[in-house]
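1. Quick one, structure for this:
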Amino acid sequence: MTAHPRLLSPLQMRGQTLRNRIVFGAHTNNMSDQGIPGPRMAGYFVERALGGAAMIVTEPVPVHSTGVLTRGNMLYGSDEIIPHFQRITQKVNEAGAVICQQLYHVGAHGDSDLSFAPHWSPSGGPSYHDSDGSHKMTEAEIEELLAAHLDAAIRAKKSGFQGVEVWAAYHSLLDQFWTPWSNQRDDKWGGSLENRTRFSRVLVENIRRACGEDFIIGMAVSYSTAYSATLSAENLCEIISLHDDTGHLDYVTVGAGSYLEFDAIIPPFTHGEKLTTPLTAQLKALAKTIKITSEAGVRTPENGESIISSGEADLVSIVRGQIADPHLARKATEGRAEDIRGCISCNQMCWGRRSRDYWISCLINPSVGREFEWGGDRFETAAQGKSVLVVGAGPAGLEAARAAAERGHGVEIVEALPVIGGQFRLAGMQPRRAQILDLMGWYERQFEKLGVTLRLNTYLDADDIAAHGADVVVLATGSLPDEKAFQRWLPHLESLPGLELGGVWSPEEVMRREARLGDAVIVYDEGSNWRGVGTAWALAEAGKAVTIVTPEAFVGKEIARTAADGAARRRLAQLGVVFKTETCIAGWHGNGATLRNLLTGEETVLAASGLVMATTNRAFDPFPEVIAGKQTLRIGDCVAPRLAAYAFHEGRKLALSL
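-> Okay, the predicted model is just below:
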C-alpha cells in the first residue's frame, strides 16, 4: 500500500495519460543559450521526467518582442527553436512524461534592458518590474498579440509539445485585461466582464481551432489578497467559469502572489505551505471539464496527497521540491518518501540566481543545471573503489561523504562536535528554518543506507590523519568567526575598538546559546544575510530589545534576491527591532557602542548590554598543506568562507572526481 494513493493515481487529459498527479510546473530556469534550448535545459527537464513527474511545463516562451522579460528566455517568433525543442520533447516522452510549453507576455511589466522595446498593455499603466510606463495598445496591436500567441502555440506543437499553458498569472497581460484597474478601455476589449475576458477567450479558441482536439491547453492564474484592486477569489471563479464553458480549456494552474505581492510568487520559508488551496477548492467545486492544479507552497508528497485526497485540486505542481530532488515522484511511487531530499524553501540558488539573470540551480542539490555535465542527479560507480576519510561534517563534508559513498567508495566522516551540520545546523535553529534540520536528518538516513561510518565527538590532528588507513583525505573543517571582529567598511581598524572589554559575541555563539547578552542587544550585520538577520530575529523572539546595525542601505539586502527580505523586515518590525542602516560600529564600550553614519560621519552612542558581530568569517584549516602519505583535498569554507551553496557544490564535485 502506497502512502500517497491519490497523488499517485493516473489522470486522463486529451488522450494523454498522466501517470500520477505530480506536475513539474512552469518557471524560468534561464538555461537557454542565445535563445536556443541546449544541453543544459535538456538535461534539466529530462532528469525530472526520469524522476517520475507526470507532466512537465517548460520555461515560459515570450510570444512577442514587447514581452521579453529575461535574458535566458527562448527566441520569440522564430522557428529556429523547433528542432532543438524536438530533441527535448522526444526524450521527455520516452521517459514517460507529458510535456507542455508555457506561453507568456508580461504586458506592462516588461524589462527594457532586455527587450529594448516598449511594454504593451491594455491601458498604458506603469510597470511593477521597473520604473517604466507602458504603451496602450491599439486594436490592431491587440490583434497582433493574439496572432503572436497563436503562432507560438503552433510552433510548440511542431516542437513536439503535447500542449501549451497560457500565462494569465501575476498580473501578466491576460490578467491586466481581466482586472478593472489595469483595463480602463471603453472598446470591445474593456468594460464588462465579457469584454475584459474577450482577449483570453479568443486566444484559447484560436489555439484550439489551429492545434486540434487532442492538444492540451492549460492556463496559469494566481491569487493575491495583498491589495483590494487585484482580482478576488469570486472574480477569478467567474472568469475561469467563462473559459470552462467554452470546452476548450483543459486545466488551470493556480499560483500565489503577483507583481504587487512578489514574495508570494515563489514563497520562501517565511510563508506557509499550500497557499492556493482555498481558491483551488472553490474552482474545483465549480469546474465542469477543466482540471485544477494547486501551486505555491506545495513542497512534499505529503502536501500533494493532502490536497488531492481532500478534493481541493486534481493535480499539484511541485516545482522547488523537484528542483531539490528530481526523483521525488519516483521515490514516492516506490514507497521511499524518506529518501526524498526535501526543499528547504530558501530560494537562494533558484529564484536567487534567476533574480540576477543567471541560470538557476539549488543550494542543496548542486546538480541542478549541471545534469548534462554530471550525469543527472544519479551516480555511476567509480572504476576503482577507494577508502575516503572526510574531516568535518558541515555542508561540504556531508555532501562529499554521501556522494562518494553513492559511487561505491568506502567512506568515514569524522566530526568534532556531537552533531552534524556545522554552522548550517545553527541556521536551522533560527525562526522558521527547521527545514534545514530536516535535511540533517536526511543525511543521517542516507549515511545509514549507504554504509557511511559517522564518528561524532571526534577530533583528529595531523598525526591521527597520517596514521589513518584512508586512500584519500577530504578536509572540510569550515570556518570560524573573526576573532578581531574586523569590519569591511572600516578597513583602517585592524579590530573592533573596545573588543577587549568583553560582551562581544558571534552569531554562532548566540545560536549555540553560549552568549550572555543581557536585555538590550546590538546586532551588527555586515553580510546583510540570514546569519545576521536570522540571529536578530531569534533574539527578538526571545524577548531581547534588538537594534540591527548594517552598512547596507536596508536590512536584509543580500536576501532580497530570495524575496524573503520583506517578510523578514515585517516580522522584525512587529517584534520592535530598530534598524540603523548605512552605519558601522566605531567602538564598543562594554555597555554600549559608538555608531558611525557612513553618509555623514556623524557619531552617536547607543546603550546595549551585548554586541553580536556578524562579520566575515575566517577559514579554519589547522592542518599542514600536505599530510604525509595522503592524497589531501580541501573543500568548502576551510578554503574560503562562503555561503552554504558553494560548500554543497564543492562536496559533490569532489566526489564525482574520485
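
2. pLDDT score assigned to the residue lying closest to R87 once chain neighbours are set aside?
-> Distances taken as C-beta to C-beta, 6 or more residues apart in numbering put A42 closest to R87, at 6.5 Å, once the chain neighbours are dropped. The C-beta positions use only the backbone N, C-alpha and C, and glycine is treated the same way. Looking at A42, its pLDDT stands at 98.

3. Quick check: which element contains A42?
-> Assessed by DSSP states H and E, A42 sits inside helix 39-50.

4. buried set for that helix?
-> By neighbour count, with 16 or more other C-beta atoms under 10 Å as the criterion, the buried positions of helix 39-50 are R40, M41, A42, G43, Y44, F45, V46, E47, R48, A49, L50.

5. Same question for stretch 544-561.
-> In stretch 544-561, the ones that count as buried by 16+ other C-beta under 10 Å are 544-552, 555-561.

6. ditto for stretch 221-232
-> Buried-residue list, stretch 221-232, by 16+ other C-beta under 10 Å: V221, S222, Y223, S224, T230, L231.

7. next one: stretch 486-501
-> F486, Q487, L490, L493, L496, P497, G498, L499.

8. Among the residues you listed, which pair sits farthest apart?
-> F486 and G498 (13.8 Å; C-beta to C-beta).

9. Can you tell me the element the residue nearest to I318 when sequence neighbours are not counted falls in?
-> Spatially, and ignoring its direct neighbours in sequence, I318 is nearest to V298 (5.3 Å; C-beta to C-beta, 6+ apart). Taking DSSP H and E as the definition, V298 sits outside all helices and strands.

10. which residues touch V298?
-> Counting by C-beta atoms under 8 Å, 6 or more residues apart in numbering, V298 touches E273, K274, G304, I307, V316, S317, I318, G321.

11. can I assume V411 sits in a helix?
-> No: assessed with DSSP: H, G, I helix; E, B strand; the rest coil, V411 is strand; it does not lie in a helix.

12. Next, count neighbours for it.
-> Number of residues near V411 (other C-beta atoms under 10 Å) recorded here: 29.

13. Does it touch K386 like I think?
-> No: V411 is not in contact with K386 according to C-beta atoms under 8 Å; the separation is 9.2 Å.

14. Mind pulling the model confidence for M1?
-> 62.

15. likewise A153?
-> As predicted, A153 sits at a pLDDT of 98.

16. any idea what sits nearest it, other than its immediate chain neighbours?
-> Closest to A153 by C-beta to C-beta, 6+ apart is I207, at 4.4 Å.

17. which residues in the stretch 151-300 of the chain form helices?
-> Applying DSSP state H, counting those that start in this stretch to the stretch 151-300 of the chain gives helices spanning 173-178, 193-196, 198-211, 233-246, 277-286.

18. Export the ones you listed to CSV and append columns for mean neighbour count and mean pLDDT.
-> Below are these laid out as CSV (neighbours: other C-beta atoms under 10 Å; pLDDT from 0 to 100):
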stretch, mean neighbour count, mean pLDDT
helix 173-178, 27, 98
helix 193-196, 15, 98
helix 198-211, 19, 98
helix 233-246, 17, 97
helix 277-286, 19, 95
